[in-house]
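Asks: Here is a sequence together with a model predicted from it:
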Amino acid sequence: MSDERNKVGRTLRLEPDLNDRLISLCAHLGVNPNSYLLNKVGEAISRDEVSYIATRNSDTQKEQLAAFIEMVNKSVEG
């Protein structure tokens, strides 16, 4: 059985000009503003997450390499 989680609500307040542009663009694209914003937020998170994951993995690899080198040095000394 999957662990279903409830959706989390977020509040977004737009300047009137930006909202007017959003409404106009969504009408042109044939989507509603909520769908458009969710899609764009998802794209931004996916794009930015790639950098975050790469940095996190790089740090982990550096820690593992340092531990390996320390083990090698201890075995050579001992």
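Replies: Everything's here; your move.

Asks: how far is the longest helix seen in the chain from where the chain is centred?
Replies: Across the chain, the helix with the greatest residue count (assigned by DSSP state H) is helix 33-77. With C-alpha atoms, centre = their mean, to the nearest Å as the basis, helix 33-77 stands 12 Å off its chain's centre.

Asks: Give me the helices and strands touching it, please.
Replies: Counting contacts by 3 or more C-beta pairs under 8 Å, 6 or more residues apart in numbering; DSSP states H and E, the secondary-structure elements packed against helix 33-77 are helix 16-29. Where you see a C-beta, it was placed from the backbone N, CA and C, and this is true even at glycine.

Asks: Mind listing residues that contact the helix it packs on?
Replies: Helix 16-29 is touched from outside by 14, 32-33, 36-37, with contacts defined as C-beta atoms under 8 Å, 6 or more residues apart in numbering.

Asks: Please repeat the previous calculation with a cut-off of 6 Å.
Replies: With C-beta atoms under 6 Å, 6 or more residues apart in numbering as the test, helix 16-29 has contacts from 33, 36.
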